[in-house]
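Asks: Give me coordinates for this.
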Amino acid sequence: MPVRAPAIRLTRAGVAFEGEALFAGLDLEIAGGRWTCLLGPSGVGKSTVLRLVAGLVPGTSGTTVVADDGTAVAGRVAFMAQQDLLLPWLDARGTVLLGARMRGETPDRRRADALLADLGLAAAAAQRPAALSGGMRQRVALARTLMEDRPFVLMDEPFAAVDAVTRLKLQALAADRLAGRTVLLVTHDPLEALRLGHRVLVMTGRPATLSAPIDPPGPPLRAVDDPAVLALQGELLRRLAAD
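Replies: Below is the predicted model:
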């Protein structure tokens, strides 16, 4: 088992666009070495929370984002956005190795190829994005994220572009590969959140607030037909529908 990564704490967090607060005074702890899953309606600010943690958007006055070991979070994050953001001139292998090349490190081609193979992309390693389906592009982006091997992992709808069976397989692979990491996953899928999350939160309103947390029973990865998971799925859908 890898050493557990630190927790991340957001305190009095706020982000405003054009003078309107998307959220303000938000307190959130992303537990160390565990998966925190965030759901909510489109446009509520879930992706902005990810970007705030990653240091990609500024917070309003008083916002703090720190790891509980007292160090900064930004710079130690692997971030997977909704869009795959593949560079059109790089093949799949080159995409997975891009971070190492940009840092001047020796790329680990063997590890990159193993990741691509685990994601069903061994035959596509030399293909560029234009030759890949949407689901394949998203799997390449996932491989790039896993290759970074960072303590903090932020993912925004990472499995949305694949079919249902592949989605379940990718969830299992990500749960295995990210054991011990501090993960914040944004998803629109209650079942996905309940399979993967140690803690599940719902974000609603404007300015947005967070619901009381749901801590599903037992460790991830949970079975899709677990009666407790299905009951909690109903509770999550009720919370989302009430917004």
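
Asks: My guess is Leu97 contacts Arg109. True?
Replies: Yes - Leu97 is within contact range of Arg109, at 6.8 Å (criterion: Cβ atoms under 8 Å). C-beta here means a position set from N, CA and C on the backbone, and glycine is covered the same way.

Asks: So these two - more neighbours on which side?
Replies: Neighbour count, other Cβ atoms under 10 Å: between Leu97 and Arg109, Leu97 has more, with 22 against 13.

Asks: Distance of the spatially most central residue of the chain relative to Arg238?
Replies: In the chain, the residue lying closest to the centroid (Cα atoms, centre = their mean) is Met155, at 1.8 Å. Separation of Met155 from Arg238 (Cβ to Cβ, to the nearest Å) stands at 25 Å.

Asks: any idea how far Gly99 is from the residue nearest to the centre of the chain?
Replies: The gap separating Met155 from Gly99 is 16 Å, by Cβ to Cβ.

Asks: Strands of this structure, start to end?
Replies: 8-17, 20-30, 35-39, 64-67, 77-80, 152-156, 182-186, 199-205, 208-210 (DSSP state E).

Asks: export those to TSV and tack on mean pLDDT and distance to Pro217?
Replies: Compiled in TSV, these are given as follows (pLDDT from 0 to 100; distance: least, Cβ to Cβ, whole Å):
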stretch	mean pLDDT	distance to Pro217
strand 8-17	95	24
strand 20-30	95	20
strand 35-39	98	15
strand 64-67	94	28
strand 77-80	96	28
strand 152-156	98	23
strand 182-186	98	19
strand 199-205	96	12
strand 208-210	94	21
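
Asks: To Arg128, which of those strands lies closest?
Replies: Judged by Cβ to Cβ, the one of these that comes nearest to Arg128 is strand 77-80, at 19.7 Å.

Asks: what's the closest one in contact with?
Replies: Contact with strand 77-80 is made by 50, 53-56, 141-142, 144-146, 148-150, 152-156, 158, as judged by Cβ atoms under 8 Å, 6 or more residues apart in numbering.

Asks: can you do 10 Å?
Replies: When contacts are defined by Cβ atoms under 10 Å, 6 or more residues apart in numbering, strand 77-80 is touched by residues 8, 50-51, 53-56, 85, 99, 138, 141-142, 144-158, 174, 178, 181-186.

Asks: quick one: strands adjacent to it?
Replies: strand 152-156 (parallel) (DSSP bridges).

Asks: shaky segments in the chain?
Replies: The model of the chain has pLDDT under 70 over residues 1-2, 243.

Asks: one more time with 80, if that's ok
Replies: Low-confidence segments of the chain (pLDDT under 80): 1-3, 243.

Asks: Out of the contacts of strand 77-80, which end up buried?
Replies: Taking 16 or more other Cβ atoms under 10 Å as the criterion, what is buried in the contacts of strand 77-80 is 8, 50-51, 53-54, 99, 138, 141-142, 144-148, 150-158, 174, 178, 181-186.

Asks: Okay then, goodbye and thanks.
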